[in-house]
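Q: requesting a structural model of the entry that follows:
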Amino acid sequence: MEKTLGWDLHCHTVFSDGTRTPLQLVQEARERGLDGVAITDHDTAAGWTEAVNAARGVGMPLICGTEMSTHWPLSAGKISVHVLAWLYNPDGRQLVELFARTRQRRLERARTMVANLARDYPISWESVCDQAKEGGATTIGRPHMADALVAAGVYRTRADAFAGVLSKRGPYYVSVETPTVTEAIRAIKDAGGVAALAHGGSFARNRVVLSDDQIRACVDCGLDALEVNHRENSPEQRTRLTKLAQRWGLLVTGGSDWHGQDGKPNMLGENSTDVPTVKEIARRGAIPVV
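A: The predicted structure is shown next:
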């Protein structure tokens, strides 16, 4: 059987914190020879229509999805958890309500952070909104603050800003209230979607990652897959997650977490999902692959 490059199931566009349009996403996926690609902007399906039209125009298979911001509550603090949701009914009531709440909380958090930053740096809410390429349809977040700081000459790159004043450990950081991971998975399943834990072994985002027992609780809520192949998962974590997937009959997926080359260094297709796995995701989903 001829080996293919597979599908990149974790990609962001200008409808959240990416720097490329859906058209540019599918064009680059085609140029790289990928079998297909997924749009998974943060907490929104706003880019789906544009992505579907673009994919049909260039002949690139597309999965519509979203990356949801969630958390696992701890006795002291929480674990930040991202959940990939693919091929769900965008009119699913529970998901629509979750997205609306999360987007509103993101907006409130962003305004607070910008107000705090503005006391010490040449940044304003207007300059941050100028970085949102799709206006009100864009989910505003720290990347747009970073781009505003770059535009003001405070930092050279977005990455420099994240390592500086926008660090989660910095004095300007404000956390955002999100649904629990189990609440999100139940909502995805209610909408007929396919749910995967994104970069579940990444210590770049948390001091601790979900334990085996916590992942098992996600499985009990309907979790379909683990994103094993991701640049932030160490070899040891990839081995661990693969074994858990085998133990519980979960799908193993991969994605680049692409944001465009000036958004993150991640290359489109640097991690991917094989075609048979994508066919199973398509079989389980509520809406068809484009």
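Q: quick one: the strands in the stretch 151-290 of the chain?
A: Ranges of strands in the stretch 151-290 of the chain, per DSSP state E, counting those that start in this stretch, are 194-197, 225-229, 251-254.
Q: pick the most deeply packed of those.
A: strand 194-197 (a mean of 28; mean count of other CB atoms under 10 Å). Heads up, the C-betas are built off the backbone N, CA and C, glycines and all.
Q: can you list the weak-confidence ranges in this structure?
A: Counting by pLDDT under 70, the chain shows low-confidence ranges at 1-3, 135, 263.
Q: which strand of it spans the most residues?
A: If you go by DSSP state E, the chain has its longest strand at strand 62-73.
Q: tabulate the CA atom coordinates of that strand in CSV.
A: The C-alpha coordinates for strand 62-73 follow below in CSV (Å, rounded to 0.1, in the frame of the first residue of the first chain):
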residue,chain,number,x,y,z
LEU,A,62,-11.5,19.1,5.0
ILE,A,63,-12.8,18.2,8.5
CYS,A,64,-14.6,21.0,10.4
GLY,A,65,-13.8,21.2,14.1
THR,A,66,-12.9,23.3,17.1
GLU,A,67,-10.4,23.3,19.9
MET,A,68,-12.2,23.8,23.2
SER,A,69,-10.6,25.4,26.2
THR,A,70,-11.4,23.4,29.3
HIS,A,71,-10.0,22.4,32.7
TRP,A,72,-9.7,19.7,35.2
PRO,A,73,-10.4,21.1,38.7
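Q: secondary structure class for the closest residue to Ile63 other than its chain neighbours?
A: With CB to CB, 6 or more residues apart in numbering as the criterion, Ile63 has its nearest non-adjacent residue at 4.0 Å, and that residue is Ala38. Of the three states, Ala38 takes strand under DSSP: H, G, I helix; E, B strand; the rest coil.
Q: counting neighbours, what do you get for Ala38?
A: 28 (other CB atoms under 10 Å).
Q: equivalent analysis for the one 3 residues further on, please.
A: Close neighbours of Asp41, defined as other CB under 10 Å, add up to 26.
Q: ok so it is a strand residue?
A: Yes - under three-state DSSP, Asp41 sits within a strand.
Q: could you measure from it over to Ala161?
A: Going from Asp41 to Ala161 by CB to CB, to the nearest Å gives 21 Å.
Q: what of Tyr172?
A: For Tyr172 relative to Ala161 (CB to CB), the value is 11 Å.
Q: intersection of neighbour lists for these two?
A: The overlap between the contact sets of Tyr172 and Ala161 (CB atoms under 8 Å, 6 or more residues apart in numbering) is empty.
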